[in-house]
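Colleague: build me a structure from this.
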Amino acid sequence: MNYSTKRLTTLAILLALCVIGANIKILGSIALDSFPAFIGAIVLGPAAGAFLGFFGHMISALLSGFPNSLPIHLIIAVIMALCMFFYSWTRRKLAKNKLAASAVSMVVAYIINVPLDIVLLYPLMGPGIFVLFVPLTIATVVNLGLSEIVILGIPSKYKEFVSAK
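Modeller: Numbering: from 1, shown residues only. Now for the predicted structure:
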């Protein structure tokens, strides 16, 4: 993987924004940490997005004191990394139709971030996990919405500039 200075700088800025977003809490460790990760997944690609998603959640959980235990938050962070990876991958596969790419990738992100997250954590957390459905949905919609707004404002010239290898 070849990372140029401009890509590393963009990654570092998005990483810092994940830390800032991790401080904007919705409930417990549910925060706006994935907003910059979604942007990174679009601009820098699936691997960078996965890194940002994992890191963003771990910082958010750390700042909350790991309310669901470290092992559970590690599982959630891996799910967040997978969410960012498939969000970016889906968007790139459907790139010819920007509207479809945006809509389908957001649905994929939501499905991984909320229902799949709850199903995978149910055996470890029991029925109490269902309490998180509404906060997770709100956080996911807000994070995705904000990232889409920001992405619309980034000139395609810059996206190509950063994405160039």
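Colleague: tell me where the protein has strands.
Modeller: Secondary structure of the chain (DSSP state E): strands at 25-27, 30-31.
Colleague: what residues sit buried inside the first one?
Modeller: So that's strand 25-27. 25-26 (16 or more other CB atoms under 10 Å). C-beta here means a position set from N, CA and C on the backbone, and glycine is covered the same way.
Colleague: partners of it, with directions?
Modeller: strand 30-31 (antiparallel) (DSSP bridges).
Colleague: now the partner strand: how far from the chain's centre is it?
Modeller: Relative to the centre of its chain, strand 30-31 is centred 11 Å away, using CA atoms, centre = their mean, to the nearest Å.
Colleague: hang on, the earlier thing: now render the strands of the chain as CSV, adding mean pLDDT.
Modeller: Below are the strands of the chain laid out as CSV (pLDDT from 0 to 100):
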stretch, mean pLDDT
strand 25-27, 88
strand 30-31, 90
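Colleague: could I get those strands in CSV, plus columns for distance to residue 130?
Modeller: Listed next are those as CSV, based on distance: least, CB to CB, whole Å:
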stretch, distance to residue 130
strand 25-27, 14
strand 30-31, 14
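Colleague: give me the mean pLDDT for the longest helix anywhere in the chain.
Modeller: For the chain, the longest helix by residue count, based on DSSP state H, is helix 70-93. For helix 70-93, mean pLDDT is 96.
Colleague: so which elements touch that helix?
Modeller: With contacts defined as 3 or more CB pairs under 8 Å, 6 or more residues apart in numbering; DSSP states H and E, the packing partners of helix 70-93 are helix 34-43, helix 46-64, helix 98-111, helix 117-125.
Colleague: those: which one's closest to residue 18?
Modeller: helix 46-64 (3.7 Å; CB to CB).
Colleague: tell me the gap between the closest one and the middle of its chain.
Modeller: Relative to its chain's centre, helix 46-64 lies at 8 Å (CA atoms, centre = their mean).
Colleague: pull out the buried positions in that helix.
Modeller: So for helix 46-64, counting by 16+ other CB under 10 Å, buried means 46-61, 64.
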